[in-house]
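S.K.: Next comes the sequence, and after it the predicted model I'd like to discuss.
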Amino acid sequence: MILENTTESIIKASNISNELKAIADKVFAGQRISFDEGVLLYKKAELGFLGTLANFVREKKNGNKVYFNHNFHVEPTNVCVYSCAFCSYSRLIKNREDGWELSVEQILEKVKAYDNQDVTEVHITGGVVPKQDLAFYTDLFRKIKSHRPNLHIKALTPVEFHYIFKKAKVTYEEGLKLMHEAGLDSLPGGGAEIFDQAIRDQIAGGKCTSEEWLTLHELWHKMGLHSNATMLYGHIETFEHRIDHMERLRQLQDRTGGFNAFIPLKFRNKENQMAHVPEVSIVEDLRNYAISRIYLDNFNHIKAYWAMIGRNTAQLSLAFGTDDLDGTIDDTTKIYSMAGAEEQNPKLSTAELVGLIQGVNREAVERDTLYNVVKTYQQA
Ligand code: V47
Ligand code: SF4
C-alpha cells in the first residue's frame, strides 16, 4: 500500500500530460482502460511510465513470481499448404527437399527420448499438410497418452483445426471433442497473427480467419479447457490494430476466462517474403509488453517467449509486465531460428532459467501448463 501510494505520487508530481495521468489513475484504481486510451499509450507514453504501470498490474496479479516450465516441442512438419508472408517455413513449399514430414512413429520416438526427464509438457505445432489429418493427430495423441499419461499435450492451432476439420467433414465442435478425447489437453496461442482482417489477408491470406480463430478458442473454452493467445506485432500493422487485437481477446476472455497467457511475438524478418520490413527496436518490444499487461486486465499471465525475443530481452521484460518465460525448450523448435532470432539453438537448463529470474530479484516458480506450482526456488 505504501509502495502504491509512493508510485502514484511520483507519477502525479511528474511532467506527464494530464491525459496520461488520467490513465495512470485508472490503472492504480484497478479500472479497465478503453480502446482509445490503449492507443494513446502506444502513441504518447514513454517507456519508464509504461513500466511503472505494467509492473504495478503484474505485481498485483503475480507478486514477485516468474513462471517457467520443463517443456519440449515437436514440429511434425515444416512444409505448409499456406504461404504466410512472414513465415520462414513457407519458402519450403517450393524447396521441399529442405522440408520434413514426420510420421506418428517418428514423433512418438521424439517423445520417448524424454522418458527419463522431468518434462511436463510437449508443444506440438508446425506447418499444415494433407497427410497430417484428423486420423493422424488422434492416433498420435492416443499413442502419446498411452505411453506417458501425465505428459500434458499442448498442440495445434485454429489454423490446423480449420483445415483438418473441413477435410474430415466434421463440425468444429465435433472435431475439438475428438481431439480432446484422443488426449489433447490444451491449445497453444499460435495462428492469431493480427486479427484485423485486411492486414491478416495481406500477411496470412488463405488460412483461418480471425473470427474462425476466436470461435475455435471459444468452443474449446466452453468445453472447460484452456488455451493461450499470441499477437504477431512489429510488421505492417498500426497501433490501432494491436489494440483491436487485444480488445477482441479481452472480450472473449470476459465471456470464458479460458485463456492462460498472452504471448506477444515479435516479427523476425530473416528469409521470408517480408524480409524488407525492418524489425522493431527492443524499446518497442518492452513498450508492447507493458501495454499488453495494462490492457489485458483479465489475463493472469503475460509470457516473454525467450526463444523468440532472446534471453536478455526476456529477462529485461520482467520489469515491464511479463511474469512467464516459457520453458527449457531443449533446442526443439526451429520456427524462430529460421526467422532470424538470436537464439539459434534455443535451450535453457533449469539453473539458467532460475538464474535469469533471480538475477533481477524475482522469485522463480516452476509450473505446469495450467500454472499449478511444481517447485519454487529460494533466492540464493
Ligand atoms: O502463429 C511465425 C509466429 C507462431 C514468425 O502458446 C513468427 O505457449 C515472428 O504460437 N516472426 C507460432 N513470429 C508459435 C506460437 C507459440 C510459441 C511459443 C509458445 C506458445 C504458447 C505459442 O509463430 C505463429 C506466428 O505468429 N511466427 N513466423 C516470424 N518470422
Ligand atoms: Fe503455414 Fe503457419 Fe507458416 Fe502460415 S505461419 S505458412 S500457416 S507454418
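M.R.: Yep, that arrived. Ligands and ions are numbered 1, 2, ... in the order given.
S.K.: drop to CA atoms for contacts and neighbour counts, all remaining ones
M.R.: Will do.
S.K.: What mean pLDDT does stretch 143-158 get?
M.R.: Averaging pLDDT along stretch 143-158 yields 98.
S.K.: again with stretch 32-42
M.R.: Rounded mean pLDDT across stretch 32-42 is 98.
S.K.: and if you look at stretch 300-314?
M.R.: 95.
S.K.: Run through who's touching it.
M.R.: 61-62, 260-266, 282, 289, 292-293, 317, 321-326, 336-337, 341-343, 346 (Cα atoms under 8 Å, 6 or more residues apart in numbering).
S.K.: at 6 Å instead, please
M.R.: The contact list for stretch 300-314 (Cα atoms under 6 Å, 6 or more residues apart in numbering) reads 261-263, 322-326, 336, 341-343, 346.
S.K.: Return the members of these classed as buried.
M.R.: With burial judged by 16 or more other Cα atoms under 10 Å, the buried subset of the contacts of stretch 300-314 is 261-263, 322-326, 336, 341-343, 346.
S.K.: Now, those that are in strands?
M.R.: 261-263, 324-326 (DSSP state E).
S.K.: Tell me which two of the contacts of stretch 300-314 sit farthest apart.
M.R.: Within those, Ala261 and Glu342 form the most distant pair, 23.5 Å apart (Cα to Cα).
S.K.: Which one of the buried ones among the contacts of stretch 300-314 is nearest to ligand 2?
M.R.: For the buried ones among the contacts of stretch 300-314, the residue nearest ligand 2 by Cα to the nearest ligand atom is Tyr336; the value is 11.1 Å.
S.K.: if I look at that closest one, how far off is Ile144?
M.R.: Relative to Ile144, Tyr336 is positioned 26 Å away (Cα to Cα, to the nearest Å).
S.K.: likewise Glu247?
M.R.: In terms of Cα to Cα, Glu247 sits 36 Å off from Ile144.
S.K.: Tell me which of those two has more neighbours.
M.R.: The residue with more neighbours, out of Glu247 and Ile144, is Ile144; 25 against 17, by other Cα atoms under 10 Å.
S.K.: quick one: contacts for the residue lying closest to Leu102 once chain neighbours are set aside?
M.R.: Once flanking residues are discounted, Leu102 sits nearest to Pro76: 5.2 Å by Cα to Cα, 6 or more residues apart in numbering. For Pro76, the contact set (Cα under 6 Å, 6+ apart) comprises 101-102, 126.
S.K.: repeat that with 8 Å
M.R.: Here Pro76 is in contact with 100-103, 107, 124-127 (Cα under 8 Å, 6+ apart).
S.K.: can you check Arg367 too?
M.R.: 67-69, 373-375.
S.K.: Write out the residues of the stretch 101-250 of the chain neighbouring ligand 2.
M.R.: 126-128 (Cα under 6 Å from any ligand atom).
S.K.: Check what pLDDT Glu97 gets.
M.R.: So Glu97 comes in at 65 (pLDDT).
S.K.: Need the pLDDT of the residue of the stretch 251-380 of the chain found nearest ligand 2.
M.R.: Relative to ligand 2, the nearest point of the stretch 251-380 of the chain is Ile335 (8.4 Å; Cα to the nearest ligand atom). Listed pLDDT for Ile335 reads 74.
S.K.: Run a quick neighbour tally on it.
M.R.: 18.
S.K.: Check Leu178 too.
M.R.: For Leu178, the count of nearby residues is 17 (other Cα under 10 Å).
S.K.: What is the helix or strand containing it packed up against?
M.R.: Under DSSP states H and E, the secondary-structure element containing Leu178 is helix 172-182. If contacts are counted by 3 or more Cα pairs under 8 Å, 6 or more residues apart in numbering; DSSP states H and E, helix 172-182 sits against helix 134-147, helix 158-168, helix 210-222.
S.K.: can you do 7 Å?
M.R.: Of the remaining helices and strands, those touching helix 172-182 by 3 or more Cα pairs under 7 Å, 6 or more residues apart in numbering; DSSP states H and E are helix 134-147, helix 210-222.
S.K.: closest one to Ser88 among those?
M.R.: Taking those one by one with Cα to Cα, helix 210-222 is closest: 21.4 Å.
S.K.: Just the buried residues of that closest one, please?
M.R.: Buried residues in helix 210-222 (16+ other Cα under 10 Å): 210, 212-214, 216-221.
S.K.: Same list, these, but as JSON lines with pLDDT please.
M.R.: Supplementary listing: the buried residues of helix 210-222 in JSON lines, determined by pLDDT from 0 to 100:
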{"residue": "Ser210", "pLDDT": "98"}
{"residue": "Glu212", "pLDDT": "98"}
{"residue": "Trp213", "pLDDT": "98"}
{"residue": "Leu214", "pLDDT": "98"}
{"residue": "Leu216", "pLDDT": "98"}
{"residue": "His217", "pLDDT": "98"}
{"residue": "Glu218", "pLDDT": "98"}
{"residue": "Leu219", "pLDDT": "98"}
{"residue": "Trp220", "pLDDT": "98"}
{"residue": "His221", "pLDDT": "98"}
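S.K.: Of those residues, which pair is most distant in space?
M.R.: Taking Cα to Cα, no two of the buried residues of helix 210-222 sit farther apart than Ser210 and His221, at 16.7 Å.
S.K.: Centre-most residue in the chain?
M.R.: Ile263 (3.0 Å; Cα atoms, centre = their mean).
S.K.: how about the spatially closest residue to that residue that is not a sequence neighbour, secondary structure?
M.R.: Spatial nearest neighbour of Ile263, excluding adjacent residues (Cα to Cα, 6+ apart): Thr230 at 4.5 Å. Recorded secondary structure, Thr230: strand (DSSP: H, G, I helix; E, B strand; the rest coil).
S.K.: how many other residues sit next to Thr125?
M.R.: 22.
S.K.: can you tell me how far it sits from Asn71?
M.R.: For Thr125 relative to Asn71 (Cα to Cα), the value is 14 Å.
S.K.: And His241, how close does it get to ligand 1?
M.R.: 15 Å (Cα to the nearest ligand atom, to the nearest Å).
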